[in-house]
Structures are given as structure tokens and as C-alpha cells.
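Chemist: Could you look at this predicted model? Sequence included:
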Amino acid sequence: MLDHIGIKCSDLSRSRSFYDNALAPLGFALSMHVTREMTGDGTEHLGYGTKEQPFFWLSQGKSQVGVHIAFSAADRKAIDAFYKAALAAGGKDNGAPGLRPHYHPNYYGAFVLDPDGNNVEAVCHRPETV
């Protein structure tokens, strides 16, 4: 349904460090850097996603605190790794990895707050594989 989404962050360098680490266990990385020189208007943008397409963008600016972003994970192990990496990168716990059966029986997710206080989630909807 969505092609891409962008949020503003109060400190682009700090947010880059956080998202570089937090998104790596999910298989996402910085795939495009649009510099101030490229935009010609003094703005800078960082695009995360796959090599083929960035789908999550960060821009320097006044943060819209309270945004909720959920990234899809391949499996529950990736969510556990996301949570650990996000906390190590300065994120704050907002819900440890686990089942959320009030959504549906196989909803497994973890939640952290990014450096600007946005709620960042990793989620898998598949049953646990043995």
C-alpha cells in the first residue's frame, strides 16, 4: 500500500547512528543519501531500505514526536536482534520482544523509542518455526 514514508529528526547524525544499527538485523540499510548540494535547498535526506529502493526516509528538522513506524521482520529471531541492537544504539525500551495475542495469535513484536521519542517497532506475523 505505501511506497515510502519519511520523518524529521532533531539530529540527523544521531538518528543515522541509531537507524544504521537498529535496522541492520532486519536486513535494511542506508541505501541513498541525498546531500544538501543535491537538493539545492540546504536539506539533507537519508533513505533506508534495500539496494533497489529506499522506503524509510530521515530528514533534519523539527521532529514529529509520537510517530509509530513498524518494520516487517522475516522471523522472531530478527525481532529479538532488532530490539537488542536498537537498545545498544541508544533506543529506549517501549515493549520487549514477545507475542501480542490481542492483535492476533502470531503477532510477535518489539518496540523501542528512537532518539526523538518515536515508537519504532519490528513485527512478524508468522508462527514460530522450529
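Modeler: Thanks, I have it.
Chemist: Tell me where this structure has helices.
Modeler: 12-23, 36-39, 76-88 (DSSP state H).
Chemist: other SSEs contacting the first one?
Modeler: When you say that, I think you mean helix 12-23. Packing partners of helix 12-23 (3 or more Cβ pairs under 8 Å, 6 or more residues apart in numbering; DSSP states H and E): strand 29-34, strand 45-49, strand 54-60, helix 76-88. For glycine as for every other residue, the C-beta is placed from the backbone atoms N, C-alpha and C.
Chemist: how about a cut-off of 7 Å?
Modeler: strand 45-49, strand 54-60, helix 76-88 (3 or more Cβ pairs under 7 Å, 6 or more residues apart in numbering; DSSP states H and E).
Chemist: which residues touch that helix?
Modeler: Applying Cβ atoms under 7 Å, 6 or more residues apart in numbering, the set of residues contacting helix 12-23 from outside is 9, 29-30, 44, 46, 48, 58, 60, 71, 82, 85-86, 88-91, 114-116, 120.
Chemist: What subset of these is buried?
Modeler: Neighbour counting with 16 or more other Cβ atoms under 10 Å marks 9, 30, 44, 46, 48, 58, 60, 71, 82, 85-86, 89-91, 114-116, 120 as buried within the contacts of helix 12-23.
Chemist: For the protein, spot the helix or strand the model is least confident about on average.
Modeler: Ranked by mean pLDDT, DSSP states H and E, the helix or strand of the chain with the weakest confidence is helix 36-39, at a mean of 90.
Chemist: Give me the below-cutoff pLDDT ranges for the protein.
Modeler: For the chain, the stretches with pLDDT under 70 are 130.
Chemist: Apply 90 and report the result again.
Modeler: 1-3, 36, 39-43, 51-52, 60-66, 128-130 (pLDDT under 90).
Chemist: rewinding a little: export the helices of the chain to TSV and tack on distance to residue 97?
Modeler: Output for those, formatted as TSV (distance: least, Cβ to Cβ, whole Å):
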stretch	distance to residue 97
helix 12-23	13
helix 36-39	38
helix 76-88	5
